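Undergrad: with the input below, show me the fold.
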Amino acid sequence: QGQGQGQGQAGAEEAGAEEASPDSSDSFGERAALLASLAADALSGAARTAEVDFAAYRALRRSGRLPTLAEEAADLAPALAPALAPVRRAIGAAVGGGEDGGR
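TA: Sure thing, here's the model as predicted:
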């Protein structure tokens, strides 16, 4: 009798799982749709940004005011100097130039 009862319980659990499947598949479908929507929004935003950036690049290029890589790097140097100071000191100390990088 215990065995028959176990089979009945297993059958009820399987039926319950089958009933839960439509809900879980609906939930999965909703999550997938939301994810697809978010991805599409992100890609659209990225495409708009790239389009604006490219238009600005073309305008600078046409006007002859397109900065060189060296000019761009020179503009970044003051902002990067504090972050790079520990690296410079470490390299200087490693090669025997002292903390100031051998200066």
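Undergrad: quick one: pLDDT of Leu84?
TA: For Leu84, the pLDDT comes out at 87.
Undergrad: Asp23 now?
TA: 65.
Undergrad: again, but for Ala74
TA: Note on Ala74: pLDDT of 86.
Undergrad: that one: how many residues sit nearby?
TA: 11 (other C-beta atoms under 10 Å). Just so you know, the C-beta spots here come from the backbone N, C-alpha and C atoms, and that holds for glycine as well.
Undergrad: can you offset everything so residue one is 77?
TA: Yes, from this point I'll number from 77; that puts the last item at Ala150.
Undergrad: does it belong to a helix, a strand or coil?
TA: Here Ala150 is recorded as helix under DSSP: H, G, I helix; E, B strand; the rest coil.
Undergrad: just Leu142 next, same as before
TA: Secondary structure, three-state DSSP: Leu142 is coil.
Undergrad: just give the nearest non-adjacent residue to it, would you?
TA: Ranked by C-beta to C-beta, 6 or more residues apart in numbering and with sequence neighbours excluded, the top spatial neighbour of Leu142 is Leu136, at 4.5 Å.
Undergrad: for Asp129, see how far away that neighbour is.
TA: Here the distance between Leu136 and Asp129 works out to 11 Å (C-beta to C-beta, to the nearest Å).
Undergrad: helix or strand for the residue nearest the centre of the chain, which one?
TA: In the chain, the C-alpha nearest the mean C-alpha coordinate belongs to Ala118, at 10.9 Å (C-alpha atoms, centre = their mean). Secondary-structure element containing Ala118, defined by DSSP states H and E: helix 78-139.
Undergrad: I am finished for the moment; much appreciated.
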